[in-house]
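Peer 1: model this:
(chains A and B)
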2 protein chains.
Amino acid sequence: MSFQPHIQRVGVLGGGQLGKMLSQAGSRWDLNLWLLDKDKDFPAGTVNRQFVEGDFKDFQDVYVFGKQVDVLTIEIEAVNTEAMLRLEEEGIEIHPAPKPLQIIKDKGLQKQFYREHQLPTSDFQLYESKEAVIQALKDVELVFPFVQKSRTEGYDGRGVAIIKGEEDLPKLLDSACVVEKLVDIDKELAVIVAANKKGDIQSFPVVEMAFHPTANLVEFLLCPARVDAEVAQRATELAERVIKAYDIKGLLAVELFLTKSGDILVNEVAPRPHNSGHHTIESCATSQFEQHLRAILNLPLGDTHVLQPAAMVNVLGDPGYEGPVRYEGLDEIFQIPQVFPHLYGKQFTRPYRKMGHITVLGDTIEEAIQKARTVQQLIKVKA
Amino acid sequence: MSFQPHIQRVGVLGGGQLGKMLSQAGSRWDLNLWLLDKDKDFPAGTVNRQFVEGDFKDFQDVYVFGKQVDVLTIEIEAVNTEAMLRLEEEGIEIHPAPKPLQIIKDKGLQKQFYREHQLPTSDFQLYESKEAVIQALKDVELVFPFVQKSRTEGYDGRGVAIIKGEEDLPKLLDSACVVEKLVDIDKELAVIVAANKKGDIQSFPVVEMAFHPTANLVEFLLCPARVDAEVAQRATELAERVIKAYDIKGLLAVELFLTKSGDILVNEVAPRPHNSGHHTIESCATSQFEQHLRAILNLPLGDTHVLQPAAMVNVLGDPGYEGPVRYEGLDEIFQIPQVFPHLYGKQFTRPYRKMGHITVLGDTIEEAIQKARTVQQLIKVKA
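Peer 2: Numbering: from 1, shown residues only, chains lettered A, B, ... in the order given. As a prediction, this is how the structure comes out:
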């Protein structure tokens, strides 16, 4: 039978901004997703009535929710994979499948997976605790500088400590962790790749995380990345090898390091729509959200070519403000052509909370960057 | 104070597909509209929890709803304008304002308005009833051929009779009507124009209703229209004169006739997003839905340039089917690059019911037309 969007039951674990943007993509086809998260006032609940209040970390909540859908997916990794395994045994279609998801959720298993599959990644070692890291330093098994990442629970830069020397030791995280060699990075890149059950694979153009010239922070995401065609091709091929190795259906966002010596290494992955693909809504022929839906429903994958170069700015809560959100600068931003603010619907701001993103298109990437810089100076997120 | 989308209360009378697409545009900014219509299972209710069940033709329902919002707008003309006049007196901001809306709702008043304002339109005469039309024919005040339009309640081609001779007289509508001289039409065009309170005016590129080569039916909407630049400019200037004459803030869709002698005449207008602007979602730098929101909120109007030529196909219920809808051909359509189906979320189909639309982009308008022809052959709406 041909695709009947209005009677298809797709469930999503998580109801944050990714669930919101997935809902927005689906609703164009009258594909109305079902969402599971704690509070229907979360972002996805503002655009979707089919919101089940529950905890995606809870076995029973996930199991009961999953039994009611045809296809189950996620917008966050921190879900109850035991319930997903049970649902999979009972015949519910799940993308990403719980087994690769369990590997990806644990940064230690993820790194081991790359090593086992001969996928290039930085050198690493696993430790059980902060004490074990300190002991390894004493034993000279480990030397400065290094990056320590909590194996679980880290996101948006949390759960990561950069340890350059003795003076950084107070920053050490006290948890089971991956310790990685600090790589000499030329650029951070990302490739979002999709696969469906038919075996089709389709990548979006390579994205570059552009760092602020002085502050050590990602300032913009740029698409296409300012790299040689040969580098872009190698990055794309590597991302496609990674999705095949995991055998994931749906989207996989593959974060990569381009080293100063020209190697491309896998940093980490997310098996879902990702911050590094938000620009696709306006700048590519198909958005990452639509592509994820196509992929998990085994529909033909969409065309991913870039219509116009894009710079994407995250809208973060300004430091020093906490409380009901108040935006400044939107009126001014609306005066600039082809600037697309996406505000997620979070009612409260706090320092650095991700409140939205703004995609800026230009005829050239330089024009997009220039406009994005103006946008970034105008937008303020206060309380 | 700068624009705070999340606390702005915008009310919309009507919750059909236009309300749905307005909600989708607003929700990107966390501007969550309030909607009034009879049933929250109507299209807009699938993407918006803020749905008030009530009748937009009822004074009390409109009045009570309107008192709770900052700005009131419409997605259909057939609303209770008496309640809107009261709300306006009481300080509620309303776009389009009820006075021009009352003129536009009545095709007789609309035609008189163009005559009074020296806006070119076809010759016409008003009649009170079918009998009065027949009497005028007997008195030779009126001659064949002509078009009879019901003054109110007509939409989507209903309420219109084309009377070429005696044999068509049984088709005469029995209502107060406008009778227009049949114009020798070269092309039907439309221009969607927006105005805000600051006085900014911005038009979308001219759209062409392309008729089927043999059947007398609109087959596609094309943007940009296949007309000379000089014609496009005259059409745009006329549309801008019309919005200024009405003094409307928000969108005004101006339907035009390009006659075989090269004149451009105003046919009729709609003061809201319109079928002839659906392609803007994917093909223009700003969508008509976003533009309407910008205009009624007195924000800067968006850039309207065409990113890629578009052909738009309406998805209508196939004749011979009535009941719960079943689509055919979507899987095949998804294989064609840059084809964007929008299904409105109507659960029941009936012959010719507008169930959705599909926008097809191409590098050239010819490529878009060719793809649109394939799409039109593939999509079937059955029960």
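
Peer 1: for the residue in the stretch 151-300 of chain A that chain B sits nearest to, helix, strand, or coil?
Peer 2: Closest contact between the stretch 151-300 of chain A and chain B, by Cβ to the nearest Cβ, is at residue A:300 (4.4 Å). Quick note: C-beta positions are derived from backbone N, CA and C, even for glycine. Assigned with DSSP: H, G, I helix; E, B strand; the rest coil, residue A:300 falls in the coil class.

Peer 1: Surely it is in contact with residue A:197?
Peer 2: No. Using Cβ atoms under 8 Å as the test, residue A:300 is too far from residue A:197 to be in contact (11.7 Å).

Peer 1: So for the two, which residue has more residues nearby?
Peer 2: Between residue A:300 and residue A:197, counted using other Cβ atoms under 10 Å in any protein chain shown, the more crowded position is residue A:300 (18 against 12).

Peer 1: show me what contacts the more buried one?
Peer 2: Listed by Cβ atoms under 8 Å, 6 or more residues apart in numbering or on different chains, the contact partners of residue A:300 are A:196, A:200, A:294, B:331, B:334-335.

Peer 1: rerun that using 7 Å as the cut-off
Peer 2: Going by Cβ atoms under 7 Å, 6 or more residues apart in numbering or on different chains, residue A:300 touches A:200, A:294, B:334-335.

Peer 1: Need the nearest residue in space to residue A:105, chain neighbours excluded.
Peer 2: residue A:77 (4.9 Å; Cβ to Cβ, 6 or more residues apart in numbering or on different chains).

Peer 1: what about the one you found, distance to chain B?
Peer 2: To chain B, residue A:77 is 25 Å away according to Cβ to the nearest Cβ, to the nearest Å.

Peer 1: Just the pLDDT for that residue.
Peer 2: As predicted, residue A:77 sits at a pLDDT of 96.

Peer 1: For it, which three-state class applies?
Peer 2: coil.

Peer 1: Test my guess that it contacts residue A:103.
Peer 2: No. With contact defined as Cβ atoms under 7 Å, residue A:77 does not reach residue A:103; the gap is 10.5 Å.

Peer 1: So for these two, which residue has more residues nearby?
Peer 2: Neighbours were counted for residue A:77 and for residue A:103 using other Cβ under 10 Å; residue A:77 has more, 21 against 18.

Peer 1: quick one, what contacts the nearest residue to residue A:249 once chain neighbours are set aside?
Peer 2: Leaving out its chain neighbours, the residue that sits closest to residue A:249 by Cβ to Cβ, 6+ apart is residue A:95, at 4.4 Å. Each residue near residue A:95 by Cβ under 7 Å, 6+ apart is listed here: A:71, A:73, A:249-250, A:296.

Peer 1: of all the residues in the stretch 251-383 of chain A, which ones are close to chain B?
Peer 2: A:285, A:294, A:299-300, A:303, A:307, A:325-331, A:334-335, A:337-338, A:341-345 (Cβ under 7 Å from any Cβ of the partner chain).

Peer 1: Scan chain A for its longest helix.
Peer 2: Of all the segments assigned as helix in chain A under DSSP state H, the longest by residue count is helix A:229-246.

Peer 1: Would you mind listing the buried residues in it?
Peer 2: A:231-232, A:234-236, A:238-243, A:245-246 (16 or more other Cβ atoms under 10 Å in any protein chain shown).

Peer 1: Next: stretch A:376-383.
Peer 2: Applying 16+ other Cβ under 10 Å to stretch A:376-383 flags A:376, A:378-379, A:381 as buried.

Peer 1: Could you dump the buried residues of helix A:229-246 into JSON lines with distance to residue A:192 and pLDDT added?
Peer 2: Formatted as JSON lines, the buried residues of helix A:229-246 follow (distance: Cβ to Cβ, whole Å; pLDDT from 0 to 100):
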{"residue": "A:231", "distance to residue A:192": "17", "pLDDT": "98"}
{"residue": "A:232", "distance to residue A:192": "13", "pLDDT": "98"}
{"residue": "A:234", "distance to residue A:192": "16", "pLDDT": "98"}
{"residue": "A:235", "distance to residue A:192": "11", "pLDDT": "98"}
{"residue": "A:236", "distance to residue A:192": "10", "pLDDT": "98"}
{"residue": "A:238", "distance to residue A:192": "13", "pLDDT": "98"}
{"residue": "A:239", "distance to residue A:192": "8", "pLDDT": "98"}
{"residue": "A:240", "distance to residue A:192": "11", "pLDDT": "98"}
{"residue": "A:241", "distance to residue A:192": "15", "pLDDT": "98"}
{"residue": "A:242", "distance to residue A:192": "11", "pLDDT": "98"}
{"residue": "A:243", "distance to residue A:192": "10", "pLDDT": "98"}
{"residue": "A:245", "distance to residue A:192": "16", "pLDDT": "98"}
{"residue": "A:246", "distance to residue A:192": "14", "pLDDT": "98"}
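
Peer 1: what's the farthest-apart pair in those?
Peer 2: A:231 and A:246 (23.0 Å; Cβ to Cβ).

Peer 1: mind checking how far whichever residue of the stretch 1-150 of chain A sits closest to chain B is from residue B:337?
Peer 2: Chain B sits closest to residue A:30 of the stretch 1-150 of chain A, with a gap of 3.9 Å, by Cβ to the nearest Cβ. Distance, residue A:30 to residue B:337, using Cβ to Cβ, to the nearest Å: 22 Å.

Peer 1: Out of the contacts of residue A:300, flag the one nearest to residue A:254.
Peer 2: The closest of the contacts of residue A:300, once distances to residue A:254 are taken by Cβ to Cβ, is residue A:200, at 17.2 Å.

Peer 1: Could you double-check that residue A:83 sits in contact with residue A:55?
Peer 2: No. Taking contacts as Cβ under 7 Å, residue A:83 lies outside contact range of residue A:55: 10.8 Å.
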